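Need a 3D model of the sequence below.
(one chain, ligands or ions: 1)
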Amino acid sequence: MKIPEKKFSITTPIYYVNDVPHIGHAYTTIAADVIARYKRLDGYKVFFLTGTDEHGQKVLQAARDLGIEPQEHVDQLHNRFKELWTRFNISNDDFIRTTEKRHQTLVSDILQQLYDRKEIYKDSYEGWYCTPDERFWTEKDLVNGNCPECKRKVEKIQEHNYFFKMGQYQDWLKKHIKSNDKFIQPTSRRNEVLGFLEKPLGDLCISRPKERLPWGIPLPFDEGYVTYVWFDALINYISAHGPLEKIGSTGFWPVNHHLLGKDILTTHAVYWSTMLKAIGFDPALNLFAHGWWTINGHKMSKSVGNTVEPNLLVDQFGVDAIRYFLLREVPFGLDGDFSHKALIGRINSDLANNLGNLLNRTMSMIKRYHDQIIPEPNSRDEDDDLKNEFQMGTEAVQKLYDDLAYNKILERIWLLVDATNKYIDTNSPWNLIKTESGKQRLATVMYNTAECIRSISILIYPFMPKSAETMMEQLGIETSIDEQGLESLKTWGGTKSGIKIRPGLQLFPRIDDKDAEKILNSIESPNDKDQKPSSHTEIEGICDQVLIDDFMKIDLRTGKIIEAEKIKKSKKLLKLKVDIGTEVRQVVAGIAECYEPDQLINRTIILVANLKPVKLMGVESQGMLLAANNNGQVVLAGFDPTPRQGTRVR
Ligand code: MSP
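Got it, this is the predicted structure:
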């Protein structure tokens, strides 16, 4: 019997070509690449799609500003994205452009079908239009008379347009979201969409008069109009698969993950899902809305002029260091302030000291003690603890992929790096070499260390493909990582004895303090100039007033303390594990003088959940507890009665 092929599909948003790519665009694309590579390692046939969004007002305006034809502009800019993805080692299977014939034809076909089925109708319309966002808003949507999304000015427009009957799918969509936990992640974003759907859902204006916007796909049933850029762009996810009749049989639909930034969740969760319903396709299995990279708390964007140029970063730090940093530093789903200082910190500690050093020392020991040949282990039955650690670690990593918990995956892999370094230290090969019986054990230790490195390189491959390949090369293993696959981690001993290692250059050279200072001085980023550790000050008077929007940026959550322990050498600090419903956070709190650890277990507290993690006494703290300082006595804020964990506090 033929075993059916396992198939998996993943997409990024298609990026506007109104300007060159920045690190925010690279973030989504790298995140998708990691999953695509991981699934291939797991034996799946993967379809990984990215592309460029080339129509609409923004793109037309950008071309006009340059004084060139829009087609010439998009041809130039889409290449900038393609080139950047090559630099970042992105393994996309296709790249779709909305100006391609295959896409335009499918958009036209879909429009005609929906029009024929009376899912699209013409009406006169008056509304407030936000040109940068290319969206209509009603009077009640506006915030202080401005666009509720980008806060910029809107203009009143009255015209005839075509509408897609989106409103009729509101109940279906609500039910679909409620009965599919993982359809929208993270949960906080899912709740936002459900909140949005509590208000009546109107129909969607899907056309723009040609005289106002000539740059778009013409409506097949009315020459005077072009297609609204979002209706056009969302269809890219299926137009890459060919004509409508073919899509169902590709095995790649529904898409497993649409990755996107939180700014475009509504368009995907609401517009795209209802469009698919009308066309007769199932919605994607998962929409994951990640957070933004910010600079001093502001979204990085070309229009604000605060972007980080990805090519410069790659020139300075190398591709894999950037891939690693972006996914390790901030939990996928939360915002993160970009800092070169933090990047250098990660390179030096995680990459150079931990991983790079492990490879180097292993290479030099195999060279010195075994003449550059991976030895045959003297016993295959020893070191069960190490083997179990790898077994459990690999299983844990595989589970974490289900929730796209990139930072935790890397954290878990680095526990294996630490375990291997510790295994070397505990066994001290430099002592074993001194005696005959020691030499017997040495062969086993060096073999196992090589096998650990092989396993680690397979596990880091989705994140750092080039470095993983270099590690394999240095181990002298010629079988490609894809061919070895995750399967080869199921049993210990995939490394062959008797092969010759090829020690090479240091994988991640340390950036010394002088160089780091030079780099930081040459960088304009305000975060690096005045980066201070997060702190809070006790203020007696009332602080300056803030707007409600600013207050709402602070994500306060209820959490239950499930573990508490003192931090060695600190009088004030306790290390806590706090369950906030969607995840367990490690929090360091300065409450040791007022609370005993045991007293805290099962207590419900309020956590600032979107505070940038900091290290206190070398321990990472992923949030801050709310408490009052009552004449030197710290009192934790709490509730009566107690709400469930993860409830938002306002
Ligand atoms: N063209 C639309 C998407 C259509 S998808 C059918 C669009 N393009 S965009 O170029 O403006 O942004 C696309 C995506 O880039 C965002 O959703 C997000 O994934 C990513 N990012 C852009 N700026 C970002 C940050 N500052 N930080 C993180 N990601 C960001 O919207």
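
Assign a three-state SS to the residue in the stretch 301-450 of the chain that the ligand sits nearest to, would you?
Nearest residue of the stretch 301-450 of the chain to the ligand, counting by Cβ to the nearest ligand atom: residue 301, 5.9 Å away. C-beta coordinates here come from the backbone N, C-alpha and C atoms, glycine included. Of the three states, residue 301 takes coil under DSSP: H, G, I helix; E, B strand; the rest coil.

could you list every residue that touches the residue nearest to it when sequence neighbours are not counted?
Spatial nearest neighbour of residue 301, excluding adjacent residues (Cβ to Cβ, 6 or more residues apart in numbering): residue 307 at 6.8 Å. The neighbourhood of residue 307, defined by Cβ atoms under 8 Å, 6 or more residues apart in numbering, consists of 22, 23, 24, 300, 301.

re the thing from before, so the residue of the stretch 301-450 of the chain closest to the ligand sits right up against residue 23, yeah?
No: in this structure, residue 301 is not within contact of residue 23 by Cβ atoms under 8 Å, at 11.2 Å.

coming back round to it: pLDDT score assigned to the residue of the stretch 301-450 of the chain closest to the ligand?
If you check residue 301, the pLDDT there is 75.

Likewise for residue 167?
pLDDT at residue 167 comes out at 97.

count of neighbours near it?
14 (other Cβ atoms under 10 Å).

Settle this for me: it is touching residue 197, isn't it.
No: in this structure residue 167 lies outside contact range of residue 197 using Cβ under 8 Å: 10.9 Å.

about what we covered before: quick one: the residue nearest to residue 301 and residue 37, what's the gap?
26 Å (Cβ to Cβ, to the nearest Å).

what do you get for residue 53?
For residue 53, the distance to residue 37 - Cβ to Cβ - is 25 Å.

Near the ligand, which residues of the protein? Just list them.
Neighbours of the ligand within the chain, by Cβ under 6 Å from any ligand atom: 13-16, 24-25, 27-28, 53, 233-234, 236, 260-261, 263-264, 292-293, 299-301.

One more pass at 5 Å, please.
Residues of the chain found near the ligand (Cβ under 5 Å from any ligand atom) are 13-16, 24-25, 27-28, 53, 233-234, 260-261, 264, 292-293, 299-300.

Does residue 474 belong to a helix, a strand or coil?
With three-state DSSP as the basis, the three-state label of residue 474 is helix.

isn't it right next to residue 501, touching?
Yes: with contact defined as Cβ under 8 Å, residue 474 counts as touching residue 501 (6.2 Å).

Mind listing the shared neighbours of these two?
Both residue 474 and residue 501 are contacted by residue 363, under the criterion Cβ under 8 Å, 6+ apart.

Put the alpha carbons of stretch 318-327 into CSV.
Extracted in CSV, the C-alpha atoms of stretch 318-327 (Å, rounded to 0.1, in the frame of the first residue of the first chain):
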residue,chain,number,x,y,z
GLY,A,318,26.1,37.3,10.1
VAL,A,319,22.8,35.8,8.9
ASP,A,320,22.4,33.1,11.6
ALA,A,321,23.1,35.4,14.5
ILE,A,322,20.2,37.6,13.3
ARG,A,323,17.9,34.7,12.7
TYR,A,324,18.7,33.4,16.2
PHE,A,325,18.3,36.7,17.9
LEU,A,326,15.0,37.7,16.4
LEU,A,327,13.3,34.5,17.5
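
I'd like the mean pLDDT over that stretch, please.
97.

So what touches it?
By Cβ under 8 Å, 6+ apart, the list of residues contacting stretch 318-327 reads 23, 26-27, 30-31, 34, 87-89, 293, 310, 313-314, 342-343, 346-347, 350-351, 406-407, 410, 463-467, 508.

Of those, which count as buried by neighbour count?
23, 26-27, 30-31, 34, 88, 293, 310, 313-314, 342-343, 346-347, 350-351, 406-407, 410, 463-465, 467, 508 (16 or more other Cβ atoms under 10 Å).

In helices only, show me these.
Under the assignment DSSP state H, the buried ones among the contacts of stretch 318-327 contribute 23, 26-27, 30-31, 34, 310, 313-314, 342-343, 346, 406-407, 410, 465, 467 to helices.
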